[in-house]
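In: Next comes the sequence, and after it the predicted model I'd like to discuss.
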Amino acid sequence: MKEKWMMASDGPWEEMKPRITTALESGFDCVVARQEDVERIRRLGDIRIGSFGTERGGEDILIVGRGGEGDGSVPLPEDLGASLDISLARAADGVVAGYVEIRGKRYEEFAVELGKSVDYLVVVGTDWKVIPLENMIAGLQGAKVKIISGVKTAEEAEVDFATLEKGADGILLDTSDLSEIKRVQKLAEKAGMARLDLSIARITTVRPVGMGDRVCVDTCTMMRPGEGMLVGSQSKAAFLVQSESEESSYVAARPFRVNAGAVHAYVKVGEKTRYLSELKAGDEVTIVDAEGGTKTAVVGRVKIEKRPLMLIEAEVDGEKISTLLQNAETIKLVGKGGGPKAVTDLQPGDEVLVHFEGKARHFGMSIEESILER
């Protein structure tokens with residue numbers, strides 16, 4: 001996920017407070033504020049705080065560069081490596097960020113040098129957009145620094161997130177428009193989404209198999225039709241099981257819920273898999289849509305109950321895959337075109353979306369090994 005920072009250091013507390021509270025509500029990662037406001041912010045909520053200065057106060061991230069070479073207050077030295085800001089950054093304890101206003105090519109070069117000595121590099125400017133950011137990303141390849149790009153609008157944030165595919169690691173938003181803060185959060189979530197390749201599997205078998213323990217996962221995220229979780233009996237293949245985001249004749253829609261399958265099944269969580277039976281409140285799971293877009297959701301509750309189960313087998317790339325789901329019309333897979341297919345209506349020959357890796361997994365991690373799962 002791209003990091004979101006909020007600028008709240010350039011005005012009186014009463015003007016900055018609405019920015020800070022909106023940033024907190026929008027899931028921002030850091031607030032850049034004056035050192036004298038740090039304790040006030042801590043009382044508002046749990047968020048990292050960055051402050052400009054030459055000595056560390058109570059902030060989490062010390063930001064050097066303002067009032068120095070970074071903003072032009074002090075001329076850049078002939079030898080950029082001899083910069084006072086770089087010396088301050090190297091001497092400081094804890095997490096350090098460097099701040100540079102890009103006023104020309106020399107400042108761009110200075111930003112790259114400073115970036116080699118800090119944990120974060122905050123770069124801002126007025127008459128530049130993509131090209132300098134591209135150069136800095138390229139110049140700092142291999143360095144552990146994260147680049148935070150200064151923006152004033154959601155449109156600028158969208159460009160910076162996408163630069164050179166990798167994009168900036170985050171943005172520092174400087175605006176008094178509270179609605180813009182909300183827009184940036186939505187863009188950041190979208191920009192941080194990984195994509196999974198989904199394949200089409202053809203159903204071969206659908207039959208009831210009796211009672212078993214099934215897992216219902218309630219998340220803290222509302223899902224749309226076509227979104228759900230990847231679940232399967234084999235670690236290398238998973239069916240896209242849709243959330244209960246549609247009304248039925250029996251129950252109201254519960255778009256936060258995925259009735260995910262039997263306790264033995266695997267569920268996709270980031271780059272790994274976990275057993276459904278292991279999930280608990282506070283864990284993270286991966287939500288996937290019909291285009292392969294992903295996002296992370298927090299588990300709010302897991303219910304394990306005895307229910308009638310149905311075996312579903314399918315074929316993809318010449319291999320047989322399977323899963324067991326509750327035998328109920330509210331349980332749906334996602335079809336080839338993104339539409340729902342209730343398990344009670346499934347027939348051999350129907351096509352559904354699956355994620356197929358073709359690799360086995362050991363303790364949830366993908367490996368090159370011969371493992372036969374039936």
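Out: Nice, I can see it. Numbering: from 1, shown residues only.
In: all contacts plus neighbour counts: C-alpha atoms, from now on.
Out: Will do.
In: where in this structure is pLDDT low?
Out: 1, 126-131, 160-167, 190-194, 358-374 (pLDDT under 70).
In: how does it divide up, domain by domain?
Out: 3-191, 199-365 (automatic domain parsing).
In: TSV please, covering the ones you listed and showing mean neighbour count.
Out: Listed next are the domains of the chain as TSV, based on neighbours: other C-alpha atoms under 10 Å:
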stretch	mean neighbour count
domain 3-191	18
domain 199-365	20
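In: quick check, Glu113 in a strand?
Out: No. With DSSP: H, G, I helix; E, B strand; the rest coil as the criterion, Glu113 is located in helix rather than a strand.
In: just the strands in the stretch 101-250 of the chain please.
Out: Along the stretch 101-250 of the chain, counting by DSSP state E, counting those that start in this stretch, strands occupy 120-124, 146-151, 170-173, 199-219, 228-234, 237-242.
In: For the helix or strand that comes right after the last one, which strands pair with it and how are they oriented?
Out: Stepping forward along the backbone from strand 237-242, the first helix or strand reached (DSSP states H and E) is strand 257-262. Paired neighbours of strand 257-262 in the sheet (DSSP bridges): strand 199-219 (antiparallel).
In: what distance separates the strand it pairs with from the centre of its chain?
Out: 28 Å (C-alpha atoms, centre = their mean, to the nearest Å).
In: quick one, that strand and strand 228-234 angle?
Out: 110 degrees (axes from the mean of the first three to the mean of the last three C-alpha atoms, to 10 degrees).
In: biggest strand in the chain, by residue count?
Out: strand 294-316 (DSSP state E).
In: what helices or strands is it leaning on?
Out: strand 199-219, strand 284-288, strand 319-326 (3 or more C-alpha pairs under 8 Å, 6 or more residues apart in numbering; DSSP states H and E).
In: Of all these, which one is nearest Val352?
Out: If you check each of the helices and strands packed on strand 294-316 against Val352 by C-alpha to C-alpha, strand 199-219 wins as the nearest, at 5.4 Å.
In: Same list, the strands of the stretch 101-250 of the chain, but as CSV with distance to Glu271 please.
Out: Output for the strands of the stretch 101-250 of the chain, formatted as CSV (distance: least, C-alpha to C-alpha, whole Å):
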stretch, distance to Glu271
strand 120-124, 26
strand 146-151, 22
strand 170-173, 22
strand 199-219, 18
strand 228-234, 12
strand 237-242, 13
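In: Phi first, then psi, for Glu15.
Out: phi -80, psi -30 (degrees, to the nearest 10).
In: Done for today, thanks.
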